[in-house]
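Structure of the sequence below:
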Amino acid sequence: MSFQKILIAIDEDPIAAHAAEAGMELARSLHAQVALTYVIDPSLVLGPDTGIAADDLILAARQDAARLVADFRARLQADAHVLAFVPVGSPGSEIVKAAKEWQADLVVIGSHGRRGITRALVGSVAEAVMRHAPCPVLVVRARE
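Numbers count the residues shown, from 1 in each chain. Below is the predicted model of the structure:
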């Protein structure tokens with residue numbers, strides 16, 4: 001199996017940075033194309049009525065996402081050819097959708113490795129991606 005296109009899921013969590021480093025290192029060793037994806041979860045952005053228009057909140061979230069992507073590009077020493085996808089929606093579904101549309105050969109994602117009731121309550125984006133991705137998924141656990 002050849003990994004020519006690696007999609008790396010990122011967010012603000014340090015585990016995502018660890019996973020992104022692993023994904024970028026793999027991409028460099030394989031001379032693969034890289035795309036970063038950060039999903040704006042509307043359930044987190046559009047909470048209770050704040051008096052601010054939903055469009056303005058999504059615009060602010062997009063600006064934050066652009067800064068985050070730029071920070072990851074700099075931190076990973078990625079060149080300008082690294083693509084970025086910043087959809088709005090459910091993180092698991094949108095990562096899978098990006099993998100399908102970009103025709104990724106591998107998705108790299110971080111995971112806390114929670115178990116039991118904590119995982120049931122919090123949910124697992126990594127698990128959703130593993131179950132539905134059109135390609136292999138590399139799940140990178142937190143450093144211990």
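
Looking only at stretch 83-91, what residues are buried by neighbour count?
For stretch 83-91, burial by neighbour count (16 or more other Cβ atoms under 10 Å) applies to Ala84, Phe85, Val86, Pro87, Ser90, Pro91. The C-beta positions use only the backbone N, C-alpha and C, and glycine is treated the same way.

roughly how far apart are Phe21 and Leu36?
Let me fix one detail, which is that residue 21 is Glu and not Phe. Counting by Cβ to Cβ, to the nearest Å, the separation of Glu21 from Leu36 is 12 Å.

Identify the farthest-apart pair in the buried residues of stretch 83-91.
The most widely separated members of those, counting by Cβ to Cβ, are Ala84 and Ser90 (18.8 Å).

could you pull out the helices for the chain?
In the chain, the segments counted as helices under DSSP state H are 14-30, 42-45, 54-75, 91-102, 116-122, 125-132.

Quick one: work out the angle between the third one and helix 14-30.
Using axes from the mean of the first three to the mean of the last three Cα atoms, to 10 degrees, the interaxial angle of helix 54-75 with respect to helix 14-30 works out to 50 degrees.

Dump the C-alpha coordinates for stretch 6-15 into PDB.
The C-alpha trace of stretch 6-15 is given here as PDB (Å, rounded to 0.1, in the frame of the first residue of the first chain):
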ATOM      1  CA  ILE A   6      -2.100  12.100   3.900                       C
ATOM      2  CA  LEU A   7      -4.900  14.000   5.600                       C
ATOM      3  CA  ILE A   8      -4.000  15.300   9.100                       C
ATOM      4  CA  ALA A   9      -6.900  16.300  11.400                       C
ATOM      5  CA  ILE A  10      -6.000  19.200  13.700                       C
ATOM      6  CA  ASP A  11      -7.600  21.100  16.500                       C
ATOM      7  CA  GLU A  12      -6.400  23.200  19.500                       C
ATOM      8  CA  ASP A  13      -5.600  20.100  21.700                       C
ATOM      9  CA  PRO A  14      -1.900  19.300  22.300                       C
ATOM     10  CA  ILE A  15      -2.700  15.700  21.200                       C
END
